[in-house]
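K.L.:
Have a look at this prediction, sequence included:
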Amino acid sequence: MKKKMRWITAAVMAAAMMAMSGCGGTSDTENTTADTEGTTAQYTVGIIQQLEHNALDEATRGFQDTLKEKLGDQVAFDYQNAQGEQTNCATIATKFVSDGKDLIMANGTTALQAAAAATGDIPIVGTSVTDFVTAGVVESNEAPGYNVTGVSDLAPVDQQIAILRQVVPDAQKVAILYCSAEPNSAFQSELAQAELDAANIEWEEFTAADSNEIQAVITNAVADCDAVYIPTDNTMANNMEIIKNVTVPAGIPVICGEENMCGVGGLATLSISYYELGCKAGEMAYEIMVNGADPATMPIEYVSDNITPKYNAEIAAELNMTMPEDMVPIE
């Protein structure tokens, strides 16, 4: 694990150097936005959000609301959106370290990796990350061992596949769609594969390296499969409209790992609340800053409440599908 950590540190810091020297991609954080509140706060928290979409936005909101409720004017936030760019994540993290933030909240896997690479001293609380070990930022989920802890957004993949089987009982082959640049999506894909194997349902992975490849990849997927499963994946979440525009005309239902994704272009989901995810991360940050808790000994936490099977009524109507009575329409 320590070898893996060193590899991630070298890679992310190299990206930071490229960003600051103007080599390749975005040369600085010009695409980010600052939202610093208060000038005399006792605690200053830097927030790196990997990119803007509803799930990550909700996690950030929950995090800020919780700390504001607990600390009021004693806490100030420096919110930065990296617009999905690794170099931006690295540059923002480096700036937070030089500013001497009391804590960094990293919202998204790439944001978390960048923060972990930038500092071994400032406490880091991650959120919207499926598996912290797979991300290479902790020794174990039970005992992180570094300055990093946080809250996982891992939803019950076995139950999501059960919903797929319930909603599409005649599915003979399932496409598993995710971004190949997101290791936590690959982790969820493996869990889904095991569940589909146990049900004797054929599956095939379809991966896109970035947003530019999604339309071609999903077009290939619907030509050969009866249903699509998409885990919690930031790139896919940011491009659900593209996916919907291919899957709905083809009559192919999509089961999503997260409610906001489903609300844009999926049929059904079993999703945690990202707002509650952010609230739990805020509680952990409070324990670290105010009560002196050590991230290295704080186990990764999970959200287990309010997990409800839901569906997109508009998509169900377009696919002419009657949904199970125990599923709730997304509002």
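P.N.:
Arrived safely. Since we're looking at a predicted model, the values are computed, not measured.
K.L.:
Please count neighbours and contacts with C-alpha atoms only from this point.
P.N.:
Will do.
K.L.:
and the strand or helix carrying residue 186, what does it pack onto?
P.N.:
Residue 186 belongs to helix 183-198 when assigned by DSSP states H and E. If contacts are counted by 3 or more CA pairs under 8 Å, 6 or more residues apart in numbering; DSSP states H and E, helix 183-198 sits against helix 157-167, strand 173-179, strand 202-208.
K.L.:
could you redo the ones you listed as a markdown table and give each row mean neighbour count?
P.N.:
Shown next, in a markdown table, are the helices and strands packed on helix 183-198 (neighbours: other CA atoms under 10 Å):
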| stretch | mean neighbour count |
| --- | --- |
| helix 157-167 | 19 |
| strand 173-179 | 24 |
| strand 202-208 | 17 |
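K.L.:
I'd like the ones you listed laid out as JSON lines, including distance to residue 312 and mean pLDDT.
P.N.:
Shown next, in JSON lines, are the helices and strands packed on helix 183-198 (distance: least, CA to CA, whole Å; pLDDT from 0 to 100):
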{"stretch": "helix 157-167", "distance to residue 312": "12", "mean pLDDT": "95"}
{"stretch": "strand 173-179", "distance to residue 312": "19", "mean pLDDT": "98"}
{"stretch": "strand 202-208", "distance to residue 312": "23", "mean pLDDT": "98"}
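K.L.:
Out of the ones you listed, flag the one nearest residue 104.
P.N.:
strand 173-179 (25.7 Å; CA to CA).
K.L.:
what lines up beside that closest one in the sheet?
P.N.:
In the sheet, strand 173-179 lines up against strand 202-208 (parallel), strand 227-230 (parallel) (DSSP bridges).
K.L.:
Now do the same contact list for residue 55.
P.N.:
Listed by CA atoms under 8 Å, 6 or more residues apart in numbering, the contact partners of residue 55 are 258, 260, 274-275.
K.L.:
I'd like the helices and strands packed on helix 183-198 as CSV, with distance to residue 315 appended.
P.N.:
Listed next are these as CSV, based on distance: least, CA to CA, whole Å:
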stretch, distance to residue 315
helix 157-167, 13
strand 173-179, 18
strand 202-208, 22
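K.L.:
Can you check which of those gets nearest to residue 111?
P.N.:
It is, among the helices and strands packed on helix 183-198 and with distance given as CA to CA, strand 173-179, at 16.1 Å.
K.L.:
what ranges do the strands span in the stretch 51-200 of the chain?
P.N.:
Remark: strands assigned in the stretch 51-200 of the chain by DSSP state E, counting those that start in this stretch are 75-81, 103-107, 124-129, 148-152, 173-179.
K.L.:
Quick one: mean pLDDT over the host helix or strand of residue 216.
P.N.:
Assigned by DSSP H and E, residue 216 falls within helix 214-222. Mean per-residue pLDDT for helix 214-222: 97.
K.L.:
in it, what counts as buried?
P.N.:
For helix 214-222, a neighbour-count test (16 or more other CA atoms under 10 Å) marks 214-215, 217-218, 221-222 as buried.
K.L.:
Tell me which two in the residues you listed are the farthest apart.
P.N.:
214 and 222 (12.2 Å).
K.L.:
ok, back up a step: out of the contacts of residue 55, which sit inside helices?
P.N.:
Among those, the ones falling in helices (DSSP state H) are 260, 274-275.
K.L.:
Need those residues in JSON lines (columns: pLDDT and distance to residue 330).
P.N.:
JSON lines is the format used below for these (pLDDT from 0 to 100; distance: CA to CA, whole Å):
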{"residue": "260", "pLDDT": "89", "distance to residue 330": "9"}
{"residue": "274", "pLDDT": "90", "distance to residue 330": "15"}
{"residue": "275", "pLDDT": "93", "distance to residue 330": "16"}
